[in-house]
Structure formats: structure tokens, C-alpha cells
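J.: got a structure for you, letters missing:
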């Protein structure tokens, strides 16, 4: 993993940790945190970082509040912490 990919994943984790349970972020928030003035060029990598975290079970990627496959999603997405199923 490259430094930028690692920083984007870290930014997603940090942004979500600072939000209330159930709150979501836009990938642009992570891109802005990592890229500052050049954040727009990090939008694709930020979406890919979200897809990796979703595949690892850390986050859900949503559109219109519905969980979607981040790799297949077209258009705006949101990222939220994965909700754990209640224990027995």
C-alpha cells in the first residue's frame, strides 16, 4: 500500500471516530484531509480506500442510506462505521 492510500484509510477511520454512531462522511472529507489543496485528484483513491475498508469489514459504503458495493457504485457515496450485529 502506498503512503497516500494508507493516509486516506487513516483519515477515513479518524473522521468516523470523531462522529456519532451511525453518522457518515463523504470521501471528499478524507481527500481534503490528506490532499489539502490538491484534494480533487484524491477522490478516486479515497473511494478505493473506502472500498478496501468495506471489504475488510470496517465500514459500510452507502448511497441513499442503502449499503452498496463500493467498487460498483456510481455517483455520490457516503461512508459509515459498520454496524455490528447484536450478540446472543
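T.: Alright, I've got the coordinates. The structure displayed is predicted, hence computed values, not measured ones.
J.: just the pLDDT at the nearest residue to residue 23 once chain neighbours are set aside, thanks.
T.: Spatially, and ignoring its direct neighbours in sequence, residue 23 is nearest to residue 80 (6.7 Å; Cβ to Cβ, 6 or more residues apart in numbering). C-betas here are computed from N, CA, C, even on glycine. With respect to pLDDT, residue 80 scores 97.
J.: wait, what's in contact with residue 80?
T.: Contact analysis of residue 80 by Cβ atoms under 8 Å, 6 or more residues apart in numbering lists 16, 22-25, 59-60, 62.
J.: try 10 Å
T.: Contact analysis of residue 80 by Cβ atoms under 10 Å, 6 or more residues apart in numbering lists 16, 19, 21-25, 59-62, 65, 67.
J.: of those residues, which is the most crowded?
T.: For the contacts of residue 80, neighbours were counted using other Cβ atoms under 10 Å, and residue 59 has the most, 26 neighbours in all.
J.: low-confidence stretches in the chain?
T.: Judged by pLDDT under 70, the chain has its weakly predicted residues at 85-88.
J.: and residue 41, what does it touch?
T.: 31, 35.
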